[in-house]
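quick one: sequence and predicted model below, then my questions.
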Amino acid sequence: MATVITGQVRAEDGSKLWLRYARMRQAPVDGAVVERTSPTGKAIRRELQLALPKLTVANDSAGRRSLIIRRSSESDVRRLGEEGFAIRTRTIDAKPCIAIESAGDVGALYGTFHFLRLLATDRDVSKLNVAQRPALQLRLLDHWDNLDGSIERGYAGKSLWKWDELPDKLDPRYIDYARANASIGINGAVLNNVNANPLSLSSDYLKKAAALAEAWRSYGIRVYLSANFAAPKTLGKLPTADPLDPRVAQWWREKADEIYKLIPDFGGFVVKANSEGQPGPQDYRRTHADGANVLADAVAPHGGVVMWRAFVYDQGVDPDRAKRAYLEFTRLDGQFRPNVIVQVKNGPIDFQPREPFHPLFGAMKHTNVMAELQVTQEYLGHSNHLVFLAPMWKEFLDADTFAAGKGSTVARVIEGKIHPYRPTGICAVANTGSDVNWCGHHFAQANWYAFGRLAWDPNLSSEQVADEWLRMTFGNDRELLGVLKPMMLDSWETFVGYSMPLGLHHLISGDHYAPDPANAKEPREDWTAVYYHRADAKAIGFDRTTRGDRAVEQYFPKVRDQFDDSETCPQSLLLWFHRLPWTRRMKSGRTLWEELCLKYSDGAARAAGMVESWRNLSGKIDEQRYREVAAKLETQALDAAAWRSRCLTSFASINGLALPADLQKSPSIAPGD
Ligand code: GCW
């Protein structure tokens, strides 16, 4: 929001996100009519005014061409649903105009944001014929925000929710949050951490949540809450939280009734149960289905859903953490209520920089399944590293599960096109916080943006998403785009290169930031690093093949066979599925060890290269954002070098093989330092 003029470019602090509307090309219209009187209509008018201050809104009399935002009951518009919209160049009442038409209010808002995006990204709007509807029904941000204002795995300040001020005082940022989400089609927010404080469901906190729901309603954003499974006990003072106990069922019903009185369009609950110490139905020898269903029955009369997380990894189920959730959930397929959605992280371990897709995608025929992604960069350099996540999510969404033959991509599975899931959905752990620039790193905003855009349309390419975001955030300058777009698009592979190449994973300790490949001491074995890489003098990697612990068998045969054979397994996942000798000959002709050295070195060199690329843009970017990003990139380059030296030195101390020359010179870096 700062408006200091420095040289030719205006200083900015990132607070306006991609809704800067800076140097917008003027719309080829000189008047706009918003034929909607609802609060959403008001929000649309406000947005138009912000974006196009010279435009007269709500006046169609003057002018050659007008922008008309109106309800339409034409069948081609109606079939786009409540959230869909059409934007077309048309003639209405003998006047040429651009018409944004929709069946629903929110569709009109989404259409308006889409139109503004076309202008802001310099697209040709002279002949428009756009028709869109979202691919998925639930498109949610999950906030791991605690009631004390802290954020689990949050790297951008404190929680945006000021619980002590709510419900009476509304921070203006709540509206900017809603605008940003609506502009990319996000239609729900889970307010609190899945490690849920039962107090979130107390009457006092429900009133606070209701104030947020009220503020966001006109932007099409519904509120959801994480529920602590033991709430009937801790909050309700019942002697039990057993889901099959009628008193417990009644408690949940009454709680749901209370919530819906305050928040008539409450979305529903998310539950983390019997995972990482959270209470759950298994405390009473009941199943995950029993647990989910008691909550589902409570919200069903009100149209609510229960998102039941499959992030469970009970050590008693199988020695391999990657196998546990599949084993627990596939045997319950068909036992969940229709308004339950099993929420599955993209990969079978935990938001690692690269994972194969979770084998539960495609495996549940009779139970709704949605995907959970992570926008906050828990394992990807926090808010210090520039890592554009769209390519990672695209690899996941485009992965073919072969659940119903070729073309059964994860995207089509969650869209309910393989098994008839309803509702369908995707959610992501947010990276927002109280920092002025919302996300800690200016480029981390791109991940929030990318999540929304891909949730709306998983077929968008990473390139298109990066292009849109860059143009809106940094402008349409060709030279700038020419440098920044490749930098963003390469950044994920760069991160994987210097941190976890060839399918290595979890080489960290508790902070999930710094490299710690020698980490062997954690409260649980599957929190260490050595459990995953299993390096010894001869070999490295986790044998999940049919000769090993058979994790590959959780995938459909085509995928299983591909992963099972080290020749056909993607090299990027090699050590995830295979345990191989250091001396193994790779396709490149190099040994595995040489290849690993090269990957680490290449990743670190690319991180250093980003610093240089950015420097070349000095003068083309406003000073504050230039400086702040430059500092982050320098940190990233140092971290990348540390990842490389720490991991390679550690592995070399195990296999006795030669290190790259520059690392041999610095024997002072010992593993575990
Ligand atoms: O990624 C892990 C995190 C935990 C988190 C957990 C989960 C909210 O390290 O901090 O807890 O996943 O997804 O439940």
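Right, received. Where do you want to start? Note that the structure is predicted; figures quoted are calculated from it, not measured.

going by C-alpha atoms from here, please, whenever you check contacts or count neighbours.
Fine.

ok, which stretches of the stretch 301-450 of the chain are strands?
305-309, 340-345, 368-374, 425-429 (DSSP state E, counting those that start in this stretch).

and the angle for the last one with strand 340-345?
This means strand 425-429. Here strand 425-429 runs at an angle of 50 degrees relative to strand 340-345 (axes from the mean of the first three to the mean of the last three C-alpha atoms, to 10 degrees).

what angle separates strand 425-429 from strand 305-309?
Using the same axes, to 10 degrees: strand 425-429 against strand 305-309 is 60 degrees.

in its sheet, what does strand 425-429 sit against?
strand 138-142 (parallel), strand 368-374 (parallel) (DSSP bridges).

any residue of the longest one touching the ligand?
I take that to be strand 368-374. No. Strand 368-374 stays clear of the ligand (C-alpha under 6 Å from any ligand atom), getting no nearer than 8.6 Å.

output the below-cut-off pLDDT ranges for this protein.
1-11, 26-27, 58-65, 665-673 (pLDDT under 70).

can you pull up the residues of it that come close to the ligand?
152, 153, 194, 195, 350.

who wins on neighbours among the residues you listed?
residue 194 (24 neighbours; other C-alpha atoms under 10 Å).

which ones are touching whichever residue of the stretch 1-150 of the chain sits closest to the ligand?
Across the stretch 1-150 of the chain, the shortest distance to the ligand (C-alpha to the nearest ligand atom) belongs to residue 144, at 6.3 Å. If you count contacts by C-alpha atoms under 8 Å, 6 or more residues apart in numbering, residue 144 has them with 151, 152, 153, 154, 191, 192, 193, 194, 195, 429, 430.

looking at these, spot the one nearest residue 471.
Closest to residue 471 out of the contacts of residue 144 is residue 430 (22.6 Å), distances taken as C-alpha to C-alpha.

just want the residue of the stretch 551-673 of the chain that's nearest the ligand.
For the stretch 551-673 of the chain, C-alpha to the nearest ligand atom, closest residue to the ligand: residue 576, 18.1 Å.

what's the burial count for that residue?
25.

which residue packs closest to it, ignoring adjacent ones?
In space, residue 576 comes closest to residue 503 once its chain neighbours are excluded; the distance is 4.8 Å by C-alpha to C-alpha, 6 or more residues apart in numbering.

how long is stretch 264-276 from one end to the other?
Taking C-alpha to C-alpha, to the nearest Å, stretch 264-276 runs 32 Å from one end to the other.

now stretch 357-377
So stretch 357-377: terminal residues 18 Å apart, C-alpha to C-alpha.

for that stretch, what is the distance to the chain centroid?
Its chain's C-alpha centre and that of stretch 357-377 lie 13 Å apart, by C-alpha atoms, centre = their mean, to the nearest Å.

same deal with stretch 274-289?
26 Å.

can you name the residues in contact with it?
Stretch 274-289 is contacted from outside by 195, 228-230, 241-243, 272-273, 290-291, 311-314, 329, 332, 335-336, using C-alpha under 8 Å, 6+ apart.

stretch 100-116 now?
36, 38, 40-41, 43-44, 48, 51, 67-73, 77-78, 80-88, 182-185, 218-220.

quick one, which of the residues you listed are buried?
36, 40-41, 43-44, 48, 51, 67-72, 77-78, 80-88, 182-185, 218-220 (16 or more other C-alpha atoms under 10 Å).

next step: those restricted to strands.
The strands, defined by DSSP state E, take in 67, 68, 69, 70, 71, 85, 86, 87, 88 from these.

hey, what's the first one bridged with?
Which is residue 67. Under DSSP bridges, the beta-bridge partners of residue 67 are residue 32, residue 98.

is it in contact with residue 98, as I believe?
Yes. If you go by C-alpha atoms under 8 Å, residue 67 and residue 98 touch, sitting 4.8 Å apart.

who touches both of the two?
In contact with both residue 67 and residue 98: residue 29, using C-alpha under 8 Å, 6+ apart.

list the contacts of the nearest residue to residue 573 once chain neighbours are set aside.
Excluding the flanking residues, the one nearest residue 573 by C-alpha to C-alpha, 6+ apart is residue 503, at 3.9 Å. Taking C-alpha under 8 Å, 6+ apart, we find residue 503 in contact with 354, 355, 571, 572, 573, 574, 575, 576, 577.

and residue 19, by the same measure?
180, 472, 473.

re earlier: how close does the residue nearest to residue 576 sit to the ligand?
18 Å (C-alpha to the nearest ligand atom, to the nearest Å).

ramachandran coordinates for that residue?
In terms of degrees, to the nearest 10, the main-chain angles of residue 503 are phi 90, psi 10.

tell me the secondary structure at the residue of the stretch 451-600 of the chain found nearest the ligand.
The nearest approach of the stretch 451-600 of the chain to the ligand comes at residue 512, 7.7 Å away (C-alpha to the nearest ligand atom). Secondary structure, DSSP: H, G, I helix; E, B strand; the rest coil: residue 512 is coil.

what about it, how many neighbours?
18.

would you confirm that it contacts residue 353?
No. Using C-alpha under 8 Å, residue 512 is not in contact with residue 353; the gap is 11.1 Å.

overlap of the contact sets of these two?
Contacts common to residue 512 and residue 353, judged by C-alpha under 8 Å, 6+ apart, are residue 379.

what number of residues lie near the closest residue to the residue of the stretch 451-600 of the chain closest to the ligand other than its chain neighbours?
Using C-alpha to C-alpha, 6+ apart and skipping the chain neighbours, the partner closest in space to residue 512 is residue 379 (5.5 Å). Applying other C-alpha under 10 Å, we find 22 residues neighbouring residue 379.
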